[in-house]
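Engineer: Would you be able to build a 3D model of this:
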Amino acid sequence: MQVGELARVLEAELHGAPDVEITGVAGIEEAQPGQITFVANPRYAGLAKTTRASAILVTPDFPDVPAVTLRLKNPYLAFARAIEIFYQPPAWPVGIHDTAVIHPTANVGKNARIGAYAVVGENVVIGDDATLLPHVVIYPGVRIGDRFFAHAHAVVRENCRLGSDVVLQNGVIVGSDGFGFAKDEHGQWHKIPQSGPTILGDRVEVQANACIDRASVGATRIGDGVKVDNLVQVGHGSSVDENTLLCAQVGLAGSTHVGKNVILAGQVGVAGHCKIGDNVIAIAQAGLHGDIPPGSMLAGSPAFDHKQWLRATALFARLPELLRQFQRKPKREE
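Structural biologist: Numbers count the residues shown, from 1 in each chain. I've put the predicted structure just below:
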């Protein structure tokens with residue numbers, strides 16, 4: 001594809017020759033002639049002068065560089081769209097593999113792609129254009145919308161409900177039992193039945209080996225557009241509102257309620273029965289406890305205001321020096 005055509009598709013302003021041929025995408029350090037890359041982080045701006053890429057996606061005010069530039073407000077998003085143009089994912093043919101097991105009462109929509117040893121249980125309803133790769137298991141009573149895509153070994157447990165355009169990566173468990181036990185008079189743990197379903201909205205993606213538990217009563221709810229990274233644990237009875245990101249190894253204890261447009265970075269842990277407001281950002285490995293007001297930015301464990309945390313960590317490195325100064329300070333005479 002010529003770069004002029006690519007600029008038109010991406011709705012970018014082109015600076016440079018429109019007939020340069022683009023055959024693929026790459027990161028700015030690895031890119032070769034014929035490839036397009038991007039600069040969204042100022043840390044990499046200097047590399048734009050030396051990259052071998054034929055074209056670079058940049059912001060409108062980016063300085064001129066030797067390569068052709070495509071200028072637009074969000075280079076990172078445009079780069080994602082460029083990948084979609086040049087990357088060809090595997091093609092999964094319409095049809096049901098001979099070894100798949102589909103219960104006679106299940107209702108699977110048009111254009112289904114169901115792989116080897118997949119299992120679809122009793123009274124399941126799945127919309128049109130679904131793809132279930134090998135060894136996917138859908139338990140009885142599940143309801144799923146259109147364009148469902150489940151990678152190998154994903155599991156959806158009984159009576160869960162999933163919207164349209166949901167993607168489950170390998171090893172995801174939706175609706176596994178919540179961790180609920182009550183101690184009896186003999187000091188033994190008694191399992192609390194986890195009777196409530198897990199409900200996922202539209203455009204939710206859950207990535208590899210993440211678990212979203214079902215509720216003991218009520219439901220565990222994941223809102224529209226939520227993205228759940230690898231190895232995330234969402235405890236029973238929790239709710240996560242629209243367009244929130246739960247990054248790798250985040251853990252939500254039971255009955256945690258997370259607002260809209262929240263970002264919980266890697267390994268953030270949230271104590272149970274907390275309410276996290278809209279637009280909160282928690283830095284990696286933060287430990288959240290208690291209710292968090294909307295718009296907060298938190299760091300540390302236990303977590304507190306991010307700016308205060310930066311000052312505190314800067315001071316922490318100086319503690320030995322400050323202690324020596326304090327010890328050398330002469331005592332005041334009585």
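Engineer: Every contact and neighbour count from this point should use C-alpha atoms.
Structural biologist: OK.
Engineer: and the closest residue to residue 291 other than its chain neighbours, backbone torsions?
Structural biologist: Leaving aside its sequence neighbours, residue 291 sits nearest to residue 275 (CA to CA, 6 or more residues apart in numbering; 4.7 Å). In terms of degrees, to the nearest 10, the main-chain angles of residue 275 are phi -120, psi 120.
Engineer: ok, residue 275 touching residue 254?
Structural biologist: No - counting by CA atoms under 8 Å, residue 275 sits too far from residue 254 to count as a contact (11.4 Å).
Engineer: Tell me which of those two has more neighbours.
Structural biologist: Remark: of residue 275 and residue 254, residue 254 carries more neighbours, 25 against 21, as counted by other CA atoms under 10 Å.
Engineer: That one contacts residue 274, correct?
Structural biologist: No - counting by CA under 8 Å, residue 254 does not reach residue 274; the two are 9.0 Å apart.
Engineer: First residue to last residue on stretch 306-325, what's the distance there?
Structural biologist: 28 Å (CA to CA, to the nearest Å).
Engineer: Residues in contact with that stretch: which ones?
Structural biologist: 283, 297-300 (CA atoms under 8 Å, 6 or more residues apart in numbering).
Engineer: Just these: which are in strands?
Structural biologist: Those of these mapping onto strands are 297-299, per DSSP state E.
Engineer: Now list the buried members of those.
Structural biologist: 297-299 (16 or more other CA atoms under 10 Å).
Engineer: Could you find the lowest-pLDDT member of the residues you listed?
Structural biologist: Within these, the minimum per-residue pLDDT falls on residue 299 (89).
Engineer: For it, name its beta-bridge partners.
Structural biologist: residue 304 (DSSP bridges).
Engineer: Can you name the secondary structure element that comes next after the worst-scoring helix or strand of the chain on mean pLDDT?
Structural biologist: Least confident helix or strand of the chain, by mean pLDDT, DSSP states H and E, is strand 304-305 with a mean of 71. Using DSSP states H and E, the helix or strand that follows strand 304-305 in sequence is helix 306-317.
Engineer: State the mean pLDDT of the next helix or strand after that following helix.
Structural biologist: With elements assigned by DSSP H and E, the helix or strand that comes after helix 306-317 is helix 319-328. Helix 319-328 shows a mean pLDDT of 77.
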